[in-house]
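here is the input, now give the coordinates:
(chains A and B)
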2 protein chains.
Amino acid sequence: MSKKILVVGGVAGGASAAARARRIDESAEIIMFERGPHVSFSNCSLPFHLSGIVEDSEDLVLVCPETFKNKYNIEARTRNEVTGVNREEKKVTVKNLETGEEYEEDYDKLILSPGASAICANIEGAQNENVFTLRNVQDIREMDSYIEENNVENIAVVGGGYIGVEVAENLHLDGKNVSLVEAQDQIMNPFDYDMAQLIHKEVMDKGINLILSETVEKVTEDSVVLSSGEEVEAEAVVMAIGVCPETELAEDAGLELGETGSIKVNHNYQTSDDDIYAVGDAIETYHQLTNETIRLPLAGPAQRQARAAADHIYGKSHNNNGVIGSSVVQAFDLSAAATGLNEKQAKEAGIPHDIVYTIPMDKVGLMPDSNPMHFKLVYEDPTGRILGAQAIGKGNVDKRIDVIASMISMDATLEDLKELELCYAPMFGTPKDVINQTALVGLNLLNGVFEQVPVTKVRELVENDACIIDVREEDEFANGHLKNAVNIPLSELRDRVDEIPEDEPVYLHCRSGQRSYNAIMALQDMGYDNLYNVSGSFLGVCCYEYFQDQLTGREKIVTEYNFN
Amino acid sequence: MSKKILVVGGVAGGASAAARARRIDESAEIIMFERGPHVSFSNCSLPFHLSGIVEDSEDLVLVCPETFKNKYNIEARTRNEVTGVNREEKKVTVKNLETGEEYEEDYDKLILSPGASAICANIEGAQNENVFTLRNVQDIREMDSYIEENNVENIAVVGGGYIGVEVAENLHLDGKNVSLVEAQDQIMNPFDYDMAQLIHKEVMDKGINLILSETVEKVTEDSVVLSSGEEVEAEAVVMAIGVCPETELAEDAGLELGETGSIKVNHNYQTSDDDIYAVGDAIETYHQLTNETIRLPLAGPAQRQARAAADHIYGKSHNNNGVIGSSVVQAFDLSAAATGLNEKQAKEAGIPHDIVYTIPMDKVGLMPDSNPMHFKLVYEDPTGRILGAQAIGKGNVDKRIDVIASMISMDATLEDLKELELCYAPMFGTPKDVINQTALVGLNLLNGVFEQVPVTKVRELVENDACIIDVREEDEFANGHLKNAVNIPLSELRDRVDEIPEDEPVYLHCRSGQRSYNAIMALQDMGYDNLYNVSGSFLGVCCYEYFQDQLTGREKIVTEYNFN
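Next comes the predicted model:
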């Protein structure tokens, strides 16, 4: 007898599961329920409609119900909401939102892919017509029309995650004045505080009014009022403060939720009821590196889960490796990508670790558009196992992060990264790639070849008048340097050794850390043993300090910033 | 007592080895001999001077001898050629090419990094002043001046490897009429014949006169004469037919050469004399996948070898994993990258294997500049171990190939690729990346879920009037299709099953192979068992056929080409 499979939710997870089930079983009856008006739309592309990069919002809908029917023999019932599950009788109750009619549909297997809904802050004015969240094509159309019809000039985006940043950028590209309000002291949580400063700088430099460490307390018709009391002009507000898994249906059906409040599933994406699977943003998953249960509402994992669930229905097994969390975002001219654990997460997970921060060129310096890439690698101490990485720059950061994600999935170490044979031509990279270089620095740290201090400590060093030696050449020093640094160019180092004190810690840096590493190796061989390389060096310090300096007007620790 | 290290050759390998030795040992005496006028230039960037992408040829020189001296305390003696090695006395004989003076220099350790010289065909006219090879900055300057001073309009580039293609492109960008002559039936040897057709098409479409399966027999002052007798206009000729390892010094010193004729080295890059190391283009290396000894004259491996050799001098050990051969080239609007074994090499190596050819989009179709990426994966049968991949397209092929190179280095299988969690945003990729998709197809093939025929067999099928079913929609079919294909759109498949014969092999295709895969899954479940998916589908066939059709004027097997 042929199987009857019902799918709740028709976007990434649901549509993938339905299509996969059809490919395995031509005779199955497959019905997909979606309470919204569209199935299978590109939710990750929604923000790009605001700038017109995706001009026609119709294009956001990838597959329509008719196509599901005639190409895949899958019935996609839009505007049909599954309101209840009768597990004993293996039936769902469905409400047709167009007609109001309620009906039942029985199932052999049920796949839940209800997704997650955007959280709207519980504050005064949150229900105003000028407040928007972003979950589907309908939402983006409404937001777009409202902005146009009301000649909205000033918009506040609340929440600095991926969606918030993309919405802010696309609104800015559309010519709006955008304020981006974030409750934490940084946007883009997958990045550590130090790396986030690069994004802060870019967002601010491009003209976004970036407001950190503030919440929105109230929305009026032409402003948002912040926790500080400050009022920010905004005729429209976009709430992008996070998503909440849609668990109501599962909860009502008595399915077990996990510790994160999402639907709990086993290895095969079965819920506590063997005939009910759940996939996508509404479930919790397992972190490959921390062994912790987490929520990871991303499209890639959702699609893999969907396939695995459909496969399991038909007895096909699946390697469930857990997730590591790989992501990328474009923020104006910068791209920022991350995978695995950042420093903050490694610390929280109690994994002994160290970090490397390098700023190599992303391609041969002679080539047009070669740019520095800020690269931060987190590895386990003492094994050298790769835990995560963050890369930010104008170039192809996603390439390097995809390599790291791949290597993490294979339990690779610094030694493995060092030996990677990546494809090279001057337009694409350097013979010793960003990744190879970073791994070499990591191995040196792991082996105690030299010691480092992070950019986050440099202000303190400057303020305490520590001995800082800048080994760049004189002309570079003249263009901006740390306020109390002494300039001993690497090219003069061997003649001026006697200027370097032996009885106190000495902190060395250059532009990106490579020349100072050379200097340290030379000095150590001469008997110095209290030397530290400033990780990220002058370029890293400038990038780290700039935004906070601008924001607070505090005293700079550099004479001039230099970002090249 | 401090060590004295001599290095022969001052480019990639030599300069890296010297610098690494200095970092390890401040007290070593390090002298680097280079018979040319420059050390440490970017040889991979040389072709880009012809188009002016690298405007000033001075920029090609990365580090000058003065900098080696004052920053690294390394003596770089340019225009000094090491002419002999006295291994008993551990001395080299050096000729100062400026003064003619000969002198000796003793060593504790000697590192040979002599590189490889460009081969110049032994034909009439090969020594003419209008014939050039490309090895160093001097060469590119001479070529560039000659072209300018003689108002050269027509140039023949002989040899269609990386250098030949880059030189041809850069000369074309500079407004020259370029003929590219290749003795084999394809250019770009790292790619299989089928994939090479994409590059052939691009090179031809952009206006290069591409001549395959012909050798140059004679060079005159304004032409090259081909083996066919045809004369091709060319006031200048660039020979890029390959490189030959510089082994003379090593041979004269009685050092062992290997089976490839290059210098033989052990795990630690020691030659048959423990005190003499060799690295770079002059040595032979070990292929990680075939276990064979090969030559691989690439910059990345050279730098790793150099570091390993210097490390070993100081007792530091090194994981020598062998090489896999990762490379990338830009050919006009296309980028082409490859790693590991191609199909041809896997066959030669006698490794049971199969291939997957997919053409997914490189980013979400809605995004500007999203393009199809032609991706060919070679895997071992029956283990599913990844052996190699080739990617060609307008987008970031290097990203995907770097991931595959990484996964090969970790002995990954199709199952590992399928599960890769790569970073996704619509501007950067798709939720199920090119790599995930390709791995899924590979797993289906490995598991016998469906069978395929390669694009290379389609002409034969068409000519033999095989049953070919095109499951694209009617409007797509109307824009060009295989001449004897029957159009049964996937959307009508289930109603028109009776049109599909059960008693003969049926070949299905769509645009890129995904819909026809869906059709095959449905039909198999209905009882059909003699179905084949056309790997690469219509798009793949068009790309494969186009160039040969144009070249030979043979009858097309398609009504119209379609490359979208």
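
residues in contact with stretch A:289-296?
Around stretch A:289-296, the neighbours that count as contacts under Cβ atoms under 8 Å, 6 or more residues apart in numbering or on different chains are A:245, A:258-260, A:262, A:281, A:284-287, A:323-325, A:340-341, A:345, A:349, A:351, A:387-388, A:408. Bear in mind the C-beta positions are built from the backbone N, C-alpha and C, glycine included.

quick check: PyMOL command selecting the buried ones in those.
Of the contacts of stretch A:289-296, the buried ones can be selected in PyMOL as follows, counting by 16 or more other Cβ atoms under 10 Å in any protein chain shown:
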select buried, chain A and resi 245+258+262+281+284+285+286+287+323+324+325+340+341+345+351+387+388+408
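
from the contacts of stretch A:289-296, which land in helices?
A:345, A:408 (DSSP state H).

which of the contacts of stretch A:289-296 fall in strands?
A:245, A:285-286, A:340, A:387-388 (DSSP state E).

what is the neighbour count of A:Asn86?
13 (other Cβ atoms under 10 Å in any protein chain shown).

so what's it scoring on pLDDT?
A:Asn86 is assigned a pLDDT of 98 by the prediction.

do I have it right that it meets A:Thr93?
Yes - here A:Asn86 reaches A:Thr93: they are 7.2 Å apart, a contact under Cβ atoms under 8 Å.

joint contacts of those two?
With Cβ under 8 Å, 6+ apart as the test, A:Asn86 and A:Thr93 both reach A:Glu104.

ok, now which ones touch A:Val82?
Taking Cβ under 8 Å, 6+ apart, one finds A:6, A:8, A:33, A:35, A:92-94, A:249 in contact with A:Val82.

looking at this, it is in a helix?
No - using DSSP: H, G, I helix; E, B strand; the rest coil, the assignment for A:Val82 is strand, not a helix.

what pairs with it across the strands?
Beta-bridge partners for A:Val82, by DSSP bridges, are A:Val94.

can you narrow the contacts of stretch A:289-296 down to the ones near chain B?
If you filter these for contact with chain B, counting by Cβ under 8 Å from any Cβ of the partner chain, you are left with A:323-325.

now pLDDT and distance to A:Asn150 too, for the residues you listed, in a markdown table please.
Output for these, formatted as a markdown table (pLDDT from 0 to 100; distance: Cβ to Cβ, whole Å):
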| residue | pLDDT | distance to A:Asn150 |
| --- | --- | --- |
| A:Val323 | 97 | 41 |
| A:Ile324 | 97 | 43 |
| A:Gly325 | 96 | 38 |
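
among these, which one sits closest to A:Lys457?
A:Lys457 has its nearest neighbour among those in A:Gly325, at 27.5 Å by Cβ to Cβ.

the closest residue to chain B within the stretch 101-250 of chain A: what's it in contact with?
Using Cβ to the nearest Cβ, A:Tyr162 is the residue of the stretch 101-250 of chain A that sits closest to chain B, at 7.5 Å. Applying Cβ under 8 Å, 6+ apart, we find A:Tyr162 in contact with A:188, A:327, A:329, B:425.

what pairs with the second one across the strands?
The reference is to A:Ser327. The partner residues for A:Ser327, given DSSP bridges, come to A:Ala338, B:Tyr424.

so who does it touch?
A:162, A:190, A:298, A:337-339, B:423-425 are the contacts of A:Ser327 under Cβ under 8 Å, 6+ apart.

please narrow the contacts of A:Val82 to those residing in strands.
Reading strands off these with DSSP E, I get A:6, A:8, A:33, A:92-94.

would you confirm that A:Val453 contacts A:Val462?
No - taking contacts as Cβ under 8 Å, A:Val453 lies outside contact range of A:Val462: 11.6 Å.

beyond the helix or strand of chain A with the lowest mean pLDDT, next helix or strand please.
Least confident helix or strand, chain A: strand A:116-118 with a mean of 93, by mean pLDDT, DSSP states H and E. Counting by DSSP states H and E, the element after strand A:116-118 in chain order, helix or strand, is strand A:131-132.

show me the contacts for A:Glu75.
A:30-32, A:65, A:68-69.

try it again with 6 Å
A:Ile31 (Cβ atoms under 6 Å, 6 or more residues apart in numbering or on different chains).

that one pairs with what?
With DSSP bridges as the rule, A:Glu75 is bridged to A:Ile31.

just for chain A, where's the confidence low?
Applying pLDDT under 70 to chain A flags no residue at all.

the domain parsing of it - what is it?
The record's domain split for chain A, according to automatic domain parsing, is A:4-116+A:244-313, A:131-241, A:333-446, A:452-552.

from chain B, how far off is A:Asn319?
Note on A:Asn319: its distance to chain B, by Cβ to the nearest Cβ, to the nearest Å, is 6 Å.

residue ranges of the helices in the stretch 151-300 of chain A, please?
Here the stretch 151-300 of chain A has its helices, by DSSP state H, counting those that start in this stretch, at A:162-173, A:193-205, A:248-252, A:299-313.

oh sorry, the question was meant for the stretch 351-500 of chain A
So, for the stretch 351-500 of chain A - with DSSP H, counting those that start in this stretch - the helices run A:397-409, A:414-418, A:434-446, A:458-463, A:474-478.

okay, those helices, which one's buried deepest?
helix A:397-409 (a mean of 28; mean count of other Cβ atoms under 10 Å in any protein chain shown).

that one vs helix B:434-446, what angle?
50 degrees (axes from the mean of the first three to the mean of the last three Cα atoms, to 10 degrees).

off-centre distance for helix A:397-409?
14 Å (Cα atoms, centre = their mean, to the nearest Å).

could you export it as CSV, CA atoms only?
What follows is helix A:397-409, C-alpha atoms only, in CSV (Å, rounded to 0.1, in the frame of the first residue of the first chain):
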residue,chain,number,x,y,z
VAL,A,397,36.4,35.4,2.8
ASP,A,398,33.8,32.7,2.1
LYS,A,399,36.4,30.6,0.3
ARG,A,400,38.7,30.5,3.3
ILE,A,401,35.9,29.8,5.7
ASP,A,402,34.5,27.0,3.6
VAL,A,403,37.9,25.4,3.7
ILE,A,404,38.0,25.7,7.4
ALA,A,405,34.4,24.4,7.8
SER,A,406,35.5,21.4,5.7
MET,A,407,38.6,20.8,7.7
ILE,A,408,36.6,21.0,11.0
SER,A,409,34.2,18.4,9.7
